Structures are given as C-alpha cells and as structure tokens.
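In: generate a structure from the sequence data that follows.
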Amino acid sequence: MAVNKETMKILIVDDYKTMLRIIRNLLAELGFKNVDEASDGSEALEALRAKKYDLVISDWNMEPMTGYDLLKEVRADEHLKPLPFIMVTAESKTENVVAAKKAGVNNYIVKPFNAATLRSKVAAVIGEF
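Out: Predicted structure coming up:
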C-alpha cells in the first residue's frame with residue numbers, strides 16, 4: 001500500500017527554528033503537507049499524546065529533553081511504541097548510532113542532508129511514496 005502524502009501526519013522536533021524550517025521545506029518538496037513542529041522532546045511528547053502522528057523526525061541534541069530521551073519515552077509508551085521514528089544529528093558517532101538503534105530508532109540522518117537523503121530515509125521507514 002502506498003503512503004498517502006496528503007494525509008500523513010509528521011511531527012518534526014528541533015530546538016533550532018532554522019532546522020525546523022529546512023526540514024519542513026524538504027518535506028514539502030517531497031509532497032508532505034501535514035507537518036507539525038515541536039521545539040524539544042517534552043513538547044513533542046505532549047503533541048504525540050494529544051494527536052495521532054504517522055512519523056516523528058527528531059533532532060538528537062535538544063534541551064531540556066533530548067531526542068534520545070524522547071525516543072526512549074515513545075518506545076516505553078504502549079500507544080506510541082509502533083510509531084516510526086527518525087533521528088537527526090550533526091554527529092555520526094558510532095556509539096550514538098548504536099545507542100539510538102538499541103533504543104528503537106527506525107532510521108538515522110546525519111546533517112547536513114538534502115531532499116534526496118530525506119526521501120530515502122523516510123521511504124526506508126514508511127515505504128515508498
């Protein structure tokens with residue numbers, strides 16, 4: 001079954017407004033229109049518990065709640081557990097990738113990235129679109 005880009009709900013999480021805008025624009029370029037934003041993990045968790053999302057794209061380094069902590073919270077929550085989760089980071093440290101994988105991340109994107117990279121990472125998680 002193909003993904004419906006028109007109705008799919010995506011939550012992007014980053015404490016850096018410019019990065020939120022970049023990811024939103026790249027998603028729009030790929031045809032995704034239903035995109036919400038959160039500026040840290042705790043704000044994202046509130047949004048996730050209030051509304052149904054189909055995908056989370058979260059930065060790793062944020063205050064006060066990191067993307068890694070958000071991922072662990074999502075995986076610990078019965079309702080949110082199956083939610084596809086993509087982590088974005090400026091560092092490609094092996095230990096971070098391993099920790100994120102162990103915590104249940106679906107995919108990983110290292111900054112900087114372009115629409116083609118985002119497309120392939122999202123497609124790997126949710127299926128072709």
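
In: which SS class is the residue most central in space within the chain?
Out: Computing the C-alpha centroid of the chain and ranking residues by CA atoms, centre = their mean puts I57 first, at 1.0 Å. Under DSSP: H, G, I helix; E, B strand; the rest coil, the three-state class of I57 is strand.

In: quick one: low-confidence ranges for the chain?
Out: 1-2 (pLDDT under 70).

In: make it 80
Out: Applying pLDDT under 80 to the chain flags residues 1-3, 92.

In: quick one: secondary structure of I10?
Out: Taking three-state DSSP, the label given to I10 is strand.

In: cool, V105 as well?
Out: Using three-state DSSP, the structure places V105 in coil.

In: so what's the residue count around the closest residue to it other than its chain neighbours?
Out: Spatial nearest neighbour of V105, chain neighbours left out: M87 (4.9 Å); criterion: CB to CB, 6 or more residues apart in numbering. Every C-beta, even on glycine, is put in place using the N, C-alpha and C of the backbone. Applying other CB atoms under 10 Å, we find 27 residues neighbouring M87.

In: now the one helix or strand M87 maps to against strand 55-59, angle please.
Out: M87 belongs to strand 85-89 when assigned by DSSP states H and E. Interaxial angle, strand 85-89 versus strand 55-59 (axes from the mean of the first three to the mean of the last three CA atoms, to 10 degrees): 20 degrees.

In: which residues touch A115?
Out: L26, E29, L30 (CB atoms under 8 Å, 6 or more residues apart in numbering).

In: residue ranges for the helices of the chain, please.
Out: Taking DSSP state H as the criterion, the chain contains helices spanning 17-29, 41-50, 67-76, 94-103, 115-126.

In: how far does the first one sit from the chain's center?
Out: How far helix 17-29 lies from its chain's middle: 12 Å, per CA atoms, centre = their mean, to the nearest Å.

In: can you give me the buried ones in it?
Out: By neighbour count, with 16 or more other CB atoms under 10 Å as the criterion, the buried positions of helix 17-29 are M19, L20, I22, I23, R24, L26, L27.

In: I'd guessed the residue nearest to V105 sits against L71; true?
Out: Yes. Counting by CB atoms under 8 Å, M87 does reach L71; the two are 6.8 Å apart.
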